[in-house]
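1. just a sequence and a predicted model for now, questions to come.
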Amino acid sequence: MSFIIQVLTTLIVFGSVIFIHEFGHFAVAKLSGIKVNEFSMGMGPRLFGFKKGETDYSLRALPIGGFVAMEGEDEESDAEGAFNRAPVQNRIAVVVAGAVMNLVLGFVVLVFLTSQQTAITSRTISMFHEGAVTQQSGLQVDDEIIAVNGRRCYIANDIIYEFARTQNGEADLTVRRNGEVVKLDNVQFETYTDENDIKQLVIDFYVYPREKTFSSVIDEASKWTMSLARMVFLSLVDLITGNVAINQMSGPVGIVTVISEAATMGLENVLMILALITINLGIFNLVPFPALDGGRLLFLLIELVRGKPINQKYEIVVNTAGMAILLTFMAFVTFSDITRLI
């Protein structure tokens, strides 16, 4: 029964993220008068489907993605409602709609999770552990932490994430104290080494709760969504700069493992993973890399600026090369996931 629950949970999480993304493309395409030939959940061989109007709705065998096939999307077409004949601003809206819907889903989930909390966590220190190292380094009760290592923190999760990125046992903090902004350089922390042999800081203080109201829930969920989006971007930066090893990334196998573990820990953990994945997908898809929505968006923005499209055959070549790179990268990450499992 536990195994069945884990499988169903994984399918629901992946299915929700994929559906909302493709539905974004689909809905805006329809509203823009662009002909959609097929709306598919899944990839690979077709299992079953039906046709309604001009669109074929299908379910395919591999639950690793989906697609919205639009007339004239990857080839020249003179047909009425072809993607390539639509105004450039409409095509831009169609391309970004998938990522936007992923962010909307993440926000809705985080509104629900925030509403279930007894109180909202603030960034203002209420008390310290006995013998707290941070207090000895200059932190005080009622200090509101507004930045860590020069990066602004809007919610408590931002602070925790920045502490996790700090590996030398100290951090530069900016706090609001008695209405004034105070910089505290080289605040010392106790440290421990986690299961990945990475040094982590010990948070040796508590913070005040915030009153939970409708406006504070919406405010917290909005900032939480932006925080997770920024986390994805910073993780990509860390990967490129070498601050995080590439073998620490997780692909589909690693994600399935995390979802399966969350399924055994309750609904809130599953929803938190859902929010992370959908926001991750939304931001990652907007990266201006060939074969991603962001790559197509870049071509469309160039077209908007220069007043005419780039030759489609060049775009197809670039996207094909980008897809080959992405598949190679995905194969490597999947291999790393399997190696960690073994």
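-> On my side now, so go ahead. Everything quoted here is computed from the prediction, not taken from an experiment. Numbering: from 1, shown residues only.

2. now do stretch 144-159, average pLDDT.
-> Confidence for stretch 144-159, expressed as mean pLDDT, is 93.

3. quick one: end-to-end distance for it.
-> End-to-end distance of stretch 144-159 (C-alpha to C-alpha, to the nearest Å): 11 Å.

4. the stretch 151-300 of the chain: strands as residue ranges?
-> 151-152, 170-177, 180-188, 191-193, 199-201, 205-210 (DSSP state E, counting those that start in this stretch).

5. so which of those strands comes closest to Thr118?
-> strand 205-210 (7.8 Å; C-beta to C-beta). C-betas here are computed from N, CA, C, even on glycine.

6. on contacts alone, who are the packing partners of the closest one?
-> strand 120-128 (3 or more C-beta pairs under 8 Å, 6 or more residues apart in numbering; DSSP states H and E).

7. the residue nearest the centre of the chain: what's it in contact with?
-> Among the residues of the chain, the one closest to the centroid is Asn280, at 1.5 Å (C-alpha atoms, centre = their mean). Applying C-beta atoms under 8 Å, 6 or more residues apart in numbering to Asn280 gives the contacts Leu228, Val232.

8. Leu8 in helix, strand or coil?
-> Of the three states, Leu8 takes helix under DSSP: H, G, I helix; E, B strand; the rest coil.

9. and Val68, helix, strand or coil?
-> When the rule is three-state DSSP, Val68 gets the label strand.

10. give me the number of residues near it?
-> Val68 has 25 neighbours, counted by other C-beta atoms under 10 Å.

11. the residue nearest to it when sequence neighbours are not counted and Phe3, how far apart?
-> Closest residue in space to Val68, ignoring its immediate chain neighbours: His25 at 4.4 Å, by C-beta to C-beta, 6 or more residues apart in numbering. In this view, His25 and Phe3 are 34 Å apart by C-beta to C-beta, to the nearest Å.

12. hang on, the earlier thing: you'd agree the residue nearest to Val68 is up against Ala97?
-> Yes - with contact defined as C-beta atoms under 8 Å, His25 reaches Ala97; the gap is 5.5 Å.

13. which of the two has more residues huddled nearby?
-> Counted by other C-beta under 10 Å, His25 and Ala97 do not tie: His25 has more neighbours, with 26 against 23.

14. got the contact list for that one?
-> Contacts of His25 (C-beta under 8 Å, 6+ apart): Val68, Val94, Val95, Ala97, Gly98.

15. from the residues you listed, which is closest to Arg296?
-> Val95 (5.2 Å).

16. quick one on the thing from earlier: of all the strands of the stretch 151-300 of the chain, which one comes closest to Val287?
-> By C-beta to C-beta (comparing all of the strands of the stretch 151-300 of the chain), the closest turns out to be strand 151-152, at 20.3 Å.

17. what helices and strands are in contact with that closest one?
-> Using 3+ C-beta pairs under 8 Å, 6+ apart: strand 151-152 touches helix 156-165.
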